[in-house]
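test case, fold it:
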Amino acid sequence: MASERRTPDRLDDSELTVQVLPSLAGGHLARVEHRPSRRFATGTHQEKDQAVRSAKRELARMLARIRRRKAKGLSDR
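Take a look at the predicted model:
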């Protein structure tokens, strides 16, 4: 039985907009935007899927940090 390796802060794909462009240095540049919050993150990698995955992870980390800070009553910056 395979175990789930998803992070608890994983974002729903229906809330994301993904754009992938070729990078000037070779490889791919992915920009992932969270539509409800209008925040975005970018990721680069030689492989397209890895670039998207990297950007999604960065965006999930960013939004989780903001949620934790708001829960503590701190600024979202």
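
which strand or helix spans the residue nearest the centre of the chain?
Centre of the chain computed as the mean C-alpha position; nearest residue by CA atoms, centre = their mean is K56, 2.3 Å away. Using DSSP states H and E, K56 sits in helix 48-71.

run through who's touching that helix.
For helix 48-71, contacts defined as CB atoms under 8 Å, 6 or more residues apart in numbering pick out 7, 9-11, 16, 18, 20, 27-32, 34, 37, 39-45, 75-76. No exception for glycine: its C-beta is placed from N, CA and C like everyone else's.

mind redoing it with 7 Å?
Helix 48-71 is contacted from outside by 7, 9-11, 18, 20, 28-32, 34, 37, 39-45, 75-76, using CB atoms under 7 Å, 6 or more residues apart in numbering.

now that helix: mean pLDDT?
The average pLDDT for helix 48-71 rounds to 92.

buried residues in that helix, which are they?
Neighbour-count burial for helix 48-71, counted by 16 or more other CB atoms under 10 Å, picks out 51-52, 54-60, 62-63, 66.

contact partners for the closest residue to T44 other than its chain neighbours?
In space, and not counting its chain neighbours, T44 is closest to L29: 5.2 Å by CB to CB, 6 or more residues apart in numbering. L29 makes contact with 21, 23, 42, 44, 51, according to CB under 7 Å, 6+ apart.
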